[in-house]
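Asker: coordinates only, sequence not included:
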């Protein structure tokens, strides 16, 4: 099946670009409540599953051992902008385990935040691994290894005790066997697994409600969700889609983006999970796709809608910040999701 066009980019009176994609909305029992495109095709979720990957840190007692609060736990679920608070919090997490930047194996990356990147350039200071967008997750992995009594070296490898725990958590929630046959390497060097969208959506429905999870795992998931709602800045940063969504819809929408046009989300009060991918990997389109899900499923009088209005059909701007078009969901997409239809190409 070819995924349908879900997002249009206009310029003036014309549609300039079109993006195809797939969306799965699934309840806690695994029933598909709405769908767009090919939701059974495996995709790499990339960073969208970081909140699941953080479960062993909490379940093992490592988070308590090192005194992690909301800020640290939210950062373990984050793809952050590399702003000063992100960097210093990562540094502090590692220090609690007697470790430092050299123990990270995510690689070096310039901060996404322009102000943070420019500050390094002005100071003639090169970025380091603390600035990497995944350094919070990796710090959690290092701390988990230390708490387990394992050598952190090589914690990115599939057979390391840390990755075995992380993979087991992801396998348990999705119900998909994860092994050599569907494994690749993520941008930050840890394993990533190809998983169908509908299975990812089911995992997030369970993550958002605790339904079908052991009491211990349900408590760990709740603790991580609460941390992200309490510290949305740590999950992404200034101006980021995820941060704004978590701020405006705290408790009602748990969301995390992944590279190559992926989003996973939970609507805890509705008992629904969401997973989507823009086929061409374009983030601007995947954000509008997630906004369409919000528009379809959250109440019309939800207090977060007003602040989120600019995300439903964001403007296309010139370099002088003049609006000359929009990035918008195709006609009928929101209604088809709301009515529980399966939209195909």
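Answerer: That came through, no problem. The structure presented is a predicted model; accordingly, all values stated were derived computationally and were not measured.
Asker: residues near residue 142, how many?
Answerer: 21 (other C-beta atoms under 10 Å). To be clear about C-beta, it is placed using only N, CA and C from the backbone, and glycine gets the same treatment.
Asker: ugh, typo on my part, it should be residue 114
Answerer: Considering only other C-beta under 10 Å, residue 114 is surrounded by 11 other residues.
Asker: what's the answer for the one 3 residues further on, then?
Answerer: Residues contacting residue 117 under the criterion other C-beta under 10 Å number 17.
Asker: How far does stretch 39-58 sit from its chain's centre?
Answerer: Chain-centre distance of stretch 39-58: 8 Å, with C-alpha atoms, centre = their mean, to the nearest Å.
Asker: Equivalent analysis for stretch 129-141, please.
Answerer: Counting by C-alpha atoms, centre = their mean, stretch 129-141 comes out at 14 Å from the chain centroid.
Asker: Against residue 283, how distant is the nearest residue to residue 303 once chain neighbours are set aside?
Answerer: Nearest non-adjacent residue to residue 303, counting by C-beta to C-beta, 6 or more residues apart in numbering: residue 248, 8.0 Å away. Distance, residue 248 to residue 283, using C-beta to C-beta, to the nearest Å: 19 Å.
Asker: Flag the shaky bits of the chain, pLDDT-wise.
Answerer: Within the chain, the stretches with pLDDT under 70 are 1.
Asker: what are the ranges of the strands in it?
Answerer: For the chain, the strands defined by DSSP state E cover 5-11, 14-27, 32-36, 42-43, 183-185, 191-193, 195-196, 254-258, 262-267, 272-278, 315-317, 323-329, 342-343.
Asker: and residue 79, which of the ones you listed is closest to it?
Answerer: strand 254-258 (6.8 Å; C-beta to C-beta).
Asker: what sits up against that closest one?
Answerer: 44-51, 77, 79, 204, 207-208, 225, 228-229, 235-236, 241-242, 245-246, 263-266, 268, 283, 286-287, 290 (C-beta atoms under 8 Å, 6 or more residues apart in numbering).
Asker: from the residues you listed, which ones fall inside helices?
Answerer: Judged by DSSP state H, helices contain the following of those: 50-51, 204, 207-208, 225, 228-229, 235, 241-242, 245-246, 283, 286-287, 290.
Asker: give me the number of residues near residue 23?
Answerer: Residue 23 - counted by other C-beta under 10 Å - has 30 other residues nearby.
Asker: Quick test: name the residue nearest the centre of the protein.
Answerer: residue 256 (2.3 Å; C-alpha atoms, centre = their mean).
Asker: how far away is it from residue 50?
Answerer: 6 Å.
Asker: what do you get for residue 23?
Answerer: Distance, residue 23 to residue 50, by C-beta to C-beta: 20 Å.
Asker: cool, and residue 113?
Answerer: 19 Å.
Asker: Over to residue 318?
Answerer: From residue 318 to residue 50 the distance is 35 Å (C-beta to C-beta).
Asker: Settle it for me: which of those two has more neighbours?
Answerer: Shown here are residue 318 and residue 50; by other C-beta under 10 Å, residue 50 has more neighbours (25 against 10).
Asker: ok, the more buried one touching residue 76?
Answerer: Yes - at 7.3 Å, residue 50 and residue 76 qualify as touching, with contact defined as C-beta atoms under 8 Å.
Asker: Name the residues contacting each of the two.
Answerer: Joint contacts of residue 50 and residue 76 (C-beta under 8 Å, 6+ apart) are residue 137.
Asker: Please tell me how far the closest residue in space to residue 62 that isn't next to it in sequence sits from residue 61.
Answerer: Nearest residue to residue 62, sequence neighbours excluded (C-beta to C-beta, 6+ apart): residue 147, at 3.5 Å. Going from residue 147 to residue 61 by C-beta to C-beta gives 7 Å.
Asker: Look at those two and report which has more neighbours.
Answerer: residue 147 (18 against 12).
Asker: residue contacts, the more buried one?
Answerer: Counting by C-beta under 8 Å, 6+ apart, residue 147 touches 60-62, 65-66, 97.
Asker: same thing with residue 130?
Answerer: 87, 90-91, 101, 104.
Asker: and of the residues you listed, the nearest to residue 338?
Answerer: residue 90 (40.3 Å).
Asker: and that closest one, how many neighbours?
Answerer: Around residue 90 there are 28 residues (other C-beta under 10 Å).
Asker: Equivalent analysis for residue 55, please.
Answerer: When counting by other C-beta under 10 Å, one arrives at 25 neighbours for residue 55.
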